[in-house]
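**Student:** 3D model of this:
(one chain, ligands or ions: 1)
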Amino acid sequence: MTALGIEEGVVYEMVIVTLSPDGSPHAAAIGCTFLRGDDGWRVLSKLARDSVTSANLSRRGDAVLNVVGEEVLVEAALDLGVVEMGFERIEGLEVPAIRDAVAAIPVKARFLAQDDVWHRLELRPFSVHLGRGSRRPFTRSLAALVEAAVHASRIPVFERSDPARAEELRLRVKELISLAERLGPTYRVRAICGAIRRKYGIVD
Ligand SMILES: Cc1cc2nc3c(=O)[nH]c(=O)nc-3n(C[C@H](O)[C@H](O)[C@H](O)COP(=O)(O)O)c2cc1C
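**Tutor:** Below you'll find the model as predicted:
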């Protein structure tokens, strides 16, 4: 973990890969807090109870955490079909990593607690694989895009129970994606923002 620059107590946004019942890999964005104890590193996370990832992990507790670039993170969270996301085998493991991830961290998951909305989990890393991917210099455009994706992923959660909250989230997403487009007007950023507008009913 130290080689990755991971520090205790910070929330890192990663992509978790799990296996669905048909054996296909499933990717989702997840916030991970790393903690160090006498018996090594552990990761605390919470997952929406109704997520595919929660269901997959309750069947089999093995998963792979991936350090990826922002566009892949957004794709894994929102399933926009814009950014290509492939998988690659890690020798000796059934769950694959994201292709060209900066790093892949195989983990064993344990459910700790639950409430109406969340499952709280502990993920125990058992190795770290450095990949071919590399991190690019920081851009506010991609930071805004990730923040937009966090809010967009909550729109369906509130759509029925609290429509006013869903509308606030739409407004937030609208502002953040126009910032992302203004500061990083690449073809890919524009394609991602267009797909977010269509998927979440955001009108200019
Ligand atoms: C940066 C980022 C971090 C996220 N972190 C979490 C998280 O910690 N827990 C969670 O349940 N959903 C999180 N989400 C939303 C999920 O990634 C998204 O709703 C998810 O893909 C749905 O889960 P599923 O595909 O397993 O059904 C995050 C989204 C983004 C963009």
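**Student:** Residue 82 looks like it's in a helix, true?
**Tutor:** No - applying DSSP: H, G, I helix; E, B strand; the rest coil, one finds residue 82 to be coil, outside a helix.
**Student:** and the protein, which residues reach the ligand?
**Tutor:** Counting by Cβ under 6 Å from any ligand atom, the positions of the chain adjacent to the ligand are 13, 28-31, 45-48, 51-53, 73, 77, 146, 149-150, 153. For the C-beta atoms, the positions are set from N, CA and C on the backbone; glycine is no exception.
**Student:** Mind checking which of those residues are in strands?
**Tutor:** If you go by DSSP state E, these have 13, 28-31, 45-48 in strands.
**Student:** Give me the buried entries from these.
**Tutor:** Using 16 or more other Cβ atoms under 10 Å as the burial test, these include 13, 28-30, 45-48 as buried.
**Student:** domain assignment for the protein?
**Tutor:** Following automatic domain parsing, one finds the domains of the chain at 2-130, 140-200.
**Student:** taking the mean pLDDT, what do you get for the longest one?
**Tutor:** Pointing back at domain 2-130 there. For domain 2-130, the mean per-residue pLDDT is 96.
**Student:** Sort out which one of the buried ones among the ones in strands among the residues of the chain next to the ligand lies nearest residue 130 for me.
**Tutor:** residue 13 (18.7 Å; Cβ to Cβ).
**Student:** Any figure for the gap between the closest one and residue 22?
**Tutor:** 27 Å (Cβ to Cβ, to the nearest Å).
**Student:** what does residue 148 give?
**Tutor:** In terms of Cβ to Cβ, residue 148 sits 31 Å off from residue 22.
**Student:** These two: who's more crowded?
**Tutor:** Between residue 148 and residue 22, counted using other Cβ atoms under 10 Å, residue 148 has the larger neighbour count: 27 against 5.
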